[in-house]
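Asks: Below: sequence and its predicted model.
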Amino acid sequence: MDELIDIVDESGVLTGEVCLKSKAHRFGYWHLCVDIWLYTRSGDLLIQKRIDHKDTFPGLWDVSVAGHVGAGEALIDAAHRELQEELGVHIPHKDLSFIGNYKSDFKHHKYLTDKEFHHIYIAQFKGDISDITLQADEVSEIRLIPINQLKKKVIDTAFKQEFVPYSNAYFSMVFEAIERKCS
C-alpha cells in the first residue's frame, strides 16, 4: 500500500518534505518507521513472517510489528496503528515503551533503496495468540519463541538467512530491554 510519508535528513530530522512511500524507496530518501516487539511475561517474543510477495524481505521472519510512519503522524500513534492493522492487537499508548533508534540503509535492488530510521518500542503481550488477527497482505504467520532461543538463532548463520537482516547491535538493544522488563 502506498502512503504519504515524511522525509528526514541523514540525522533523522524532518525536512518538511512529504512524498509517497514508493517514491522514497525509488530515490532512497530517508524516512521514519516503527518497530514493535511484543513479549510475554515468561520471556517469549512474538515474531511474524512476512508474506512471500512483499517488496522488501519477502518470506522472512521479522519483529512482531513494523511499519512506516505516515506524514504528520506521531511515532507512538504509528506504533499503535500498526499493531491494530497487522495483528488486530490493541495496546494502550502508556504500555508501549520506547527503547531506542536504529538507522538502516538497505539497497534491495536498482529501484528500491530503503533508508529508514526505526523507532523501536516494546510491550508486554497479555492476550492469547489465538485471538490475533493477521493482516493477510502483510503477515503470513506468527510464532512465540523464547528470547534465549531467538538470541541463539540470530547469531546462527543458517537461521539468520530466514530473518530480516538487523545488526547485532539492534538485536542486543531489543533483547536487553526485554530481559530487563521480564526480570
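Replies: Happy to help now that I have it. Owing to the predicted nature of the structure, the values given are computational and were not obtained by experimental measurement.
Asks: which stretches of the chain form strands?
Replies: Per DSSP state E, the chain carries strands over the ranges 4-8, 14-20, 30-39, 44-50, 61-62, 65-68, 97-109, 112-124, 139-146.
Asks: and the second one, what other elements does it pack with?
Replies: Read it as strand 14-20. strand 4-8 (3 or more CB pairs under 8 Å, 6 or more residues apart in numbering; DSSP states H and E). To be clear about C-beta, it is placed using only N, CA and C from the backbone, and glycine gets the same treatment.
Asks: Check the offset of the strand it packs on from the chain's centre.
Replies: With CA atoms, centre = their mean, to the nearest Å as the basis, strand 4-8 stands 17 Å off its chain's centre.
Asks: so it versus strand 112-124, what angle?
Replies: 100 degrees (axes from the mean of the first three to the mean of the last three CA atoms, to 10 degrees).
Asks: For residue 82, find the nearest of the strands of the chain.
Replies: Proximity to residue 82, assessed across these by CB to CB, is greatest for strand 65-68 (3.8 Å).
Asks: In the protein, which helix is the longest?
Replies: Ranked by number of residues, the top helix in the chain under DSSP state H is helix 168-182.
Asks: does residue 50 really touch residue 58, like I thought?
Replies: Yes - between residue 50 and residue 58 there is a contact at 6.1 Å, judged by CB atoms under 8 Å.
Asks: Those two: which is more packed in?
Replies: residue 50 (19 against 13; other CB atoms under 10 Å).
Asks: ok, now which ones touch the more buried one?
Replies: 57-62, 138-140, 164 (CB atoms under 8 Å, 6 or more residues apart in numbering).
Asks: what do you get if the cut-off is 7 Å, keeping everything else the same?
Replies: 57-60, 62, 139-140 (CB atoms under 7 Å, 6 or more residues apart in numbering).
Asks: Run a quick neighbour tally on residue 19.
Replies: Residues near residue 19, counting by other CB under 10 Å: 16.
Asks: can you tell me how far it sits from residue 70?
Replies: According to CB to CB, to the nearest Å, residue 19 stands 12 Å off from residue 70.
Asks: Quickly note the distance from residue 135 to residue 88.
Replies: From residue 135 across to residue 88, the span is 8 Å (CB to CB).
Asks: gap between residue 116 and residue 5?
Replies: For residue 116, the distance to residue 5 - CB to CB - is 10 Å.
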